[in-house]
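Asks: give me a model of this one.
(one chain, ligands or ions: 1)
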Amino acid sequence: MAEKTILKALAGETQAVPPVWLMRQAGRYLPEYKATRAKAGDFLTLCYTPELAAEVTLQPIRRYGFDGAILFADILLVPQALGADLWFVTGEGPRLSTIDGPADFDALKPAGAIHETLSPVYETVRILSKELPGETTLIGFAGAPWTVATYMIAGRGTPDQGPAHALRQENPAVFDALMERITEATILYLSAQVEAGAEVVKVFDSWAGSLKGEAFRRYALEPARRIVAALKERHPGLPVIVFPREAGEFYEGFHAATGADCVALDNSVDADWAAAHVQTKGCVQGNLDPKLMVTGGEALVAETKRIVRAFSGGPHIFNLGHGITPDANPENVHRMLEAIRG
Ligand code: 1CP
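Replies: Numbering: from 1, shown residues only. Got it, this is the predicted structure:
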């Protein structure tokens, strides 16, 4: 059997060369992605056409030989599967119908109904598990309940997640019911991805950093703990990566509090600090600044090597601290890989 270096890192192994993949590795910085996206017509058609979604997942593997392939889909497919309207405005981003009160929540579908909408995603996973090279790990994913709730409540991305914070304070019954519905749907969705062939799952809590103190415990830690526990009960031995972006000091106890095998670090976290305080509890992933994939040069090489060195004493999966951006230079990915792999 081929060696899967990502699975080894997730099992706690320290490796001389860390495995590597990039958040948003299938994306608009790649000309072949833009061509397939143009063929699909729009972003949601790309997500729901298994052959095309599998094709864009495979493109960065062919070009770069990454150790991991992340399923091509989006965290906002779950709200759509729960009955929210979802559309993408070119140049602006996603738009959804909003959740303002009990009537909007009551109109949502039960968690068990999501498979009707999401079955093409499972088909993408099945295609990928057949077509990926033997050494490449297939990563499934979903958004974390808090992050997904911020989009469902506001109907769009927001700089400070204001509408979601307002609802949780002003109408906690509706907010808690929504969090519960998303948590249940996320468990079912990730479990179906694993049944289709995903070997690892990752939960993206992109807006975890806007939760402080008790709210962080309740809406970031606790849902992550529940999702990890439910998935491990259904799929013993399944490795789970959690990304509580900008969690700051909460990174330190995150493995222990949630049971996650790996904690993904954003680029605001110092690698030496994280090696001493987070990696001592389990595998870490990260955390190169995505801007370096735009600017490149010696700074990219030096910073890549610094991160590899900082995490060389324990299990580590090399990645960016957030997604690669459309203005990244595809050549810089080669430079980064050279700096990691030699
Ligand atoms: O024009 C295009 O082609 C659409 C751009 C795009 C892409 C490539 C969107 C819209 N989503 C995706 C794919 C995607 N999204 C993946 C696929 C696999 C890969 O990484 O290669 C993944 C894992 C996501 C996850 C995702 N979507 C997150 C969590 C991670 C993060 O970046 O913080 C979030 C917050 C979203 C929502 C979303 N989808 C798309 C956009 C532009 C956004 C952000 C919207 C906003 O906050 O304003």
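
Asks: for the ligand, what are the nearby residues on the stretch 1-150 of the chain?
Replies: 23-28, 37, 43, 70, 72, 74-76, 93-94, 141, 143 (CB under 6 Å from any ligand atom). (Each C-beta comes from the backbone N, C-alpha and C, glycine too.)

Asks: just the buried residues out of the residues you listed, in ChimeraX syntax.
Replies: Selection of buried members from these for ChimeraX, criterion 16 or more other CB atoms under 10 Å:
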select :23,24,25,26,27,37,70,72,74,75,76,94,141,143
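
Asks: among the residues of the stretch 1-150 of the chain next to the ligand, which ones are in strands?
Replies: Judged by DSSP state E, these include 70, 93-94, 141, 143 as members of strands.

Asks: of those residues, closest to Ala220?
Replies: Gly143 (12.1 Å; CB to CB).

Asks: if we ignore the residues flanking it in sequence, what's nearest that closest one?
Replies: Distance criterion CB to CB, 6 or more residues apart in numbering; nearest residue to Gly143, sequence neighbours excluded, is Ile75 at 3.1 Å.

Asks: surely the one you found is in contact with Trp146?
Replies: No: the pair Ile75 / Trp146 is not scored as a contact, 11.5 Å apart, by CB atoms under 8 Å.

Asks: just the strands from this protein, written as ranges.
Replies: Going by DSSP E, the chain shows strands at 68-70, 86-89, 93-96, 137-143, 200-205, 240-244, 262-264, 283-288, 316-320.

Asks: okay if I get the ones you listed as CSV plus mean pLDDT?
Replies: Formatted as CSV, the strands of the chain follow (pLDDT from 0 to 100):
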stretch, mean pLDDT
strand 68-70, 98
strand 86-89, 95
strand 93-96, 96
strand 137-143, 98
strand 200-205, 98
strand 240-244, 98
strand 262-264, 98
strand 283-288, 98
strand 316-320, 98
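
Asks: just put those strands in CSV and tack on distance to Ala275.
Replies: Listed next are the strands of the chain as CSV, based on distance: least, CB to CB, whole Å:
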stretch, distance to Ala275
strand 68-70, 21
strand 86-89, 39
strand 93-96, 35
strand 137-143, 23
strand 200-205, 21
strand 240-244, 18
strand 262-264, 12
strand 283-288, 8
strand 316-320, 9
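
Asks: circling back: out of the ones in strands among the residues of the stretch 1-150 of the chain next to the ligand, what pair is the most spread apart?
Replies: That would be Ile70 and Gly93, which, of these, are the farthest apart (CB to CB) at 19.5 Å.

Asks: quick one: which of the residues of the stretch 1-150 of the chain next to the ligand sit in helices?
Replies: 37, 43 (DSSP state H).

Asks: for Pro18, see how far away the closest residue to Met336 other than its chain neighbours is.
Replies: Of all residues not flanking Met336 in the chain, Thr304 sits nearest, at 5.2 Å (CB to CB, 6+ apart). Counting by CB to CB, to the nearest Å, the separation of Thr304 from Pro18 is 11 Å.

Asks: what is in contact with these two at once?
Replies: Common neighbours of Thr304 and Pro18, using CB atoms under 8 Å, 6 or more residues apart in numbering, are 318, 340.

Asks: neighbour count: those two, which is higher?
Replies: Pro18 (24 against 20; other CB atoms under 10 Å).

Asks: so who does the nearest residue to Tyr29 once chain neighbours are set aside touch?
Replies: Leaving out its chain neighbours, the residue that sits closest to Tyr29 by CB to CB, 6+ apart is Ala328, at 4.1 Å. Contacts for Ala328 (CB under 8 Å, 6+ apart) come out as 29, 290, 293-294.

Asks: can you map out the helices along the stretch 51-200 of the chain?
Replies: 77-81, 102-106, 114-131, 145-154, 162-170, 172-196 (DSSP state H, counting those that start in this stretch).

Asks: no more questions from me, cheers.
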